[in-house]
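Engineer: Have a look; sequence and predicted model below, questions after that.
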Amino acid sequence: MLKADMWRTSGHYACYGENMYLTTIDEQEYGVKPMNCIGHIQIFKQTGKSYRDLPLKYYEYGVVHRHEKSGALHGLLRVREFTQDDAHIFCTPEQIASEVIDVVEFVDSVMKLFGFEYTMEVATKPEKAIGEDVVWELATNGLKKALDENNLPYKIDEGGGAFYGPKIDVKITDALGRKWQCGTIQVDFNLPERFGVEYVAEDNSRRQPVMIHRAILGSFERFIAILTEHYAGEFPLFLAPTQVIFVPISETHSKYAHELKNELMDINIDCEIFDKNDSLNKRVRNAEKQRVPYVVIVGEEEVANRTVAIRDRRTKEQYNLSFDEFVVKLKQQLNEGKI
């Protein structure tokens, strides 16, 4: 929480107040933070900064609260409390284009890793906004220029910007063809001015930095929901909560299964063993229902030869490997980020 005066200075109180949770403690009004930017501004201002310090980047997994209308709530896709992979980049006006492109390239690498298709939209000044038109035009043109110079396609979202600055919205298409805004890149001249943020330039004059707000995944909750639908619950190896399930054929093979599990856990492969007192078919069926990348059967032959019998439900294949070969296969998949 921050005192309400901070939110008045930033413009959130006037332009975003209906989406905030406000409370009074000891006759002092506070606002539960809907965004992390003001906190990062205060960190920047703790010590003097020089042009040599820029660009300066602050990052956090920031928990925020926004008063969404009850009718807009939608599972994990739209909630009132969520966590953002939030960063703020303080830079000079000359550094805007390169910093924006760095973030766009970061977004692209993450989207490709998960196999998502996405589009970008430049969102312009909304009706409720702070700052002069000339500042908005400068910031908006900075975003467009960065995308144009790198031949990156985008659409225009008229009036869709944040109240303090224009932005690039990264919109993911989910499994049902719906578009969701996740990542965002915002160029902000207004908040640094309102909070008197300064740095010492090369000529010893005091100048105002530009603040770039950026999130790659955006709301973790929303991204997890889209991701779960995208993979239909069959997460890739690097993302799966459980990556391998061992199913010993009988109790006499459990020791070998535990040995293999421990070796994989030592290299950060998450495993489970299904050795309850059920039939083999039921244990295999239950393991496959978990939609893990690999179900591994171990029996007499596997114990004798230090091998594993793999059931790959994605490719519908069954094959045997030595355990060492299986470890190499897992490491390669993790390193390559393959599904």
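Structural biologist: That came through fine.
Engineer: Longest helix in the protein, by number of residues?
Structural biologist: helix 96-114 (DSSP state H).
Engineer: elements contacting that one?
Structural biologist: Applying 3 or more CB pairs under 8 Å, 6 or more residues apart in numbering; DSSP states H and E, one finds that helix 96-114 makes contact with strand 81-91, strand 118-123, helix 133-149, strand 167-173, strand 179-188, strand 210-219. For glycine as for every other residue, the C-beta is placed from the backbone atoms N, C-alpha and C.
Engineer: Can you lay out those as TSV showing mean neighbour count, mean pLDDT and distance to residue 283?
Structural biologist: Shown next, in TSV, are those (neighbours: other CB atoms under 10 Å; pLDDT from 0 to 100; distance: least, CB to CB, whole Å):
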stretch	mean neighbour count	mean pLDDT	distance to residue 283
strand 81-91	20	96	36
strand 118-123	19	94	40
helix 133-149	17	90	53
strand 167-173	22	92	37
strand 179-188	22	90	38
strand 210-219	23	94	36
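Engineer: Take those and write them to TSV, including distance to residue 54.
Structural biologist: Below are these laid out as TSV (distance: least, CB to CB, whole Å):
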stretch	distance to residue 54
strand 81-91	5
strand 118-123	24
helix 133-149	16
strand 167-173	21
strand 179-188	15
strand 210-219	9
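Engineer: residue contacts, the residue nearest the centre of the chain?
Structural biologist: Centroid-nearest residue in the chain: residue 217, 2.6 Å away (criterion: CA atoms, centre = their mean). Residue 217 sits next to 84-85, 110, 182-183, 223 when contact means CB atoms under 8 Å, 6 or more residues apart in numbering.
Engineer: 6 Å instead?
Structural biologist: Residues in contact with residue 217 (CB atoms under 6 Å, 6 or more residues apart in numbering) are 85, 223.
Engineer: How about residue 160?
Structural biologist: residue 123.
Engineer: Am I right that it is in a helix?
Structural biologist: No: Residue 160: not assigned to a helix; according to DSSP: H, G, I helix; E, B strand; the rest coil it is coil.
Engineer: what about it, distance to residue 49?
Structural biologist: 32 Å (CB to CB, to the nearest Å).
Engineer: Please apply the same query to residue 296.
Structural biologist: In terms of CB to CB, residue 296 sits 55 Å off from residue 49.
Engineer: Who has more neighbours out of these two?
Structural biologist: Neighbour count, other CB atoms under 10 Å: between residue 296 and residue 49, residue 296 has more, with 26 against 17.
Engineer: re the thing from before, not counting the longest helix of the chain itself, show me its contacts.
Structural biologist: With CB under 6 Å, 6+ apart, helix 96-114 has contacts from 55, 89, 91, 118, 142, 146, 150, 170, 183, 185, 210, 212, 214, 216, 337.
Engineer: Where does residue 331 fall, secondary structure wise?
Structural biologist: helix 323-336 (DSSP states H and E).
Engineer: Backbone dihedrals for the residue lying closest to residue 201 once chain neighbours are set aside, both of them.
Structural biologist: Nearest residue to residue 201, sequence neighbours excluded (CB to CB, 6 or more residues apart in numbering): residue 207, at 4.7 Å. Phi and psi for residue 207, reported as degrees, to the nearest 10, are phi -130, psi 160.
Engineer: and what of residue 78?
Structural biologist: phi -140, psi 110.
Engineer: picking that back up, wait, which of the helices and strands packed on helix 96-114 is closest to residue 33?
Structural biologist: With distances scored as CB to CB, the stretch of these nearest to residue 33 is strand 81-91 (10.6 Å).
Engineer: show me where the stretch 201-339 of the chain has strands.
Structural biologist: 206-207, 210-219, 244-248, 271-273, 294-298, 307-312, 317-322 (DSSP state E, counting those that start in this stretch).
Engineer: got the ones you listed as CSV, with distance to residue 4 columns?
Structural biologist: Formatted as CSV, the strands of the stretch 201-339 of the chain follow (distance: least, CB to CB, whole Å):
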stretch, distance to residue 4
strand 206-207, 29
strand 210-219, 22
strand 244-248, 52
strand 271-273, 50
strand 294-298, 54
strand 307-312, 57
strand 317-322, 61
